[in-house]
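>>> Below: sequence and its predicted model.
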Amino acid sequence: MADVKRVGPSEAHALLSDGYTYVDVRSEGEFAVGHPTGAYNVPLMHMGGGGMQPNPRFSEVIRASFPRDAKIVVGCKAGNRSLRAANALLADGYTNVIDQRAGWDGTRDPFGQVSEAGWGPAGLPTETGQPEERSYAALSKAP
């Protein structure tokens, strides 16, 4: 399998002007609090039962929502879930997948200091809520 290309938030933002779509793989609650403007929400994991649980419909909803040649930037909170999601998409035959490595909040060093600011702290365009056509509720109903 090919290595996942990883970019920082500013590079990810620039890719959106180049025809890429941002897919936020955080939970619905995390997404609603704030996400990149125009992002779609397809959680890799769901919150519940005292922790995070895998979303068994992740691949199904992605396939129903985006063709395998879609240009996709995947992001999450700090870059871990999005890297797993990007690898899953590449394994499923997607060809234009890029991981936004610092996620929404950013990455931290072993001492808890921010080592790379995420999308939100970087001051890039954001929105809140569950945009009807880009929410997981809407995407998971797609045929």
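It's in. Numbers count the residues shown, from 1 in each chain.
>>> C-alpha from now on. contacts and neighbour counts both.
Fine.
>>> residues in contact with the longest helix belonging to the chain?
Assignment by DSSP state H gives helix 80-91 as the longest helix of the chain. Residues outside helix 80-91 that contact it (Cα atoms under 8 Å, 6 or more residues apart in numbering) are 1-2, 4, 24-26, 44, 59, 74-76, 97-101, 103.
>>> mean confidence score for that helix?
For helix 80-91, mean pLDDT rounds to 96.
>>> same thing with stretch 66-73?
98.
>>> Below-threshold pLDDT in the chain: ranges please.
Across the chain, the ranges flagged by pLDDT under 70 are 1-2, 142-143.
>>> how about 50 then?
By pLDDT under 50, the low-scoring segments of the chain are 1.
>>> Could I get the full set of helices for it?
Counting by DSSP H, one finds helices in the chain at the ranges 9-16, 28-33, 58-65, 80-91, 136-139.
>>> a markdown table for the ones you listed, including distance to Gly118 and mean neighbour count?
A markdown table is the format used below for these (distance: least, Cα to Cα, whole Å; neighbours: other Cα atoms under 10 Å):
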| stretch | distance to Gly118 | mean neighbour count |
| --- | --- | --- |
| helix 9-16 | 6 | 18 |
| helix 28-33 | 14 | 18 |
| helix 58-65 | 23 | 16 |
| helix 80-91 | 13 | 20 |
| helix 136-139 | 22 | 17 |
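>>> With distance to Val114 as extra columns, can I get these in CSV?
Conversion of the helices of the chain to CSV gives the following (distance: least, Cα to Cα, whole Å):
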stretch, distance to Val114
helix 9-16, 14
helix 28-33, 19
helix 58-65, 29
helix 80-91, 15
helix 136-139, 29
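>>> of these, which approaches Tyr40 most closely?
Closest approach to Tyr40 among the helices of the chain (Cα to Cα): helix 136-139, 7.5 Å.
>>> Contacts for that closest one, please.
Helix 136-139 is contacted by residues Glu28, Tyr40, Asn41, Val42, Pro43, Val61, Ser65, Glu132, Glu133 when judged by Cα under 8 Å, 6+ apart.
>>> of all those, which two lie farthest apart?
Maximum pairwise distance among those (Cα to Cα): 16.7 Å, between Glu28 and Ser65.
>>> picking that back up, distance to Ala14 added to the contacts of helix 136-139, as JSON lines?
Shown next, in JSON lines, are these (distance: Cα to Cα, whole Å):
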{"residue": "Glu28", "distance to Ala14": "25"}
{"residue": "Tyr40", "distance to Ala14": "17"}
{"residue": "Asn41", "distance to Ala14": "20"}
{"residue": "Val42", "distance to Ala14": "21"}
{"residue": "Pro43", "distance to Ala14": "23"}
{"residue": "Val61", "distance to Ala14": "26"}
{"residue": "Ser65", "distance to Ala14": "22"}
{"residue": "Glu132", "distance to Ala14": "25"}
{"residue": "Glu133", "distance to Ala14": "23"}
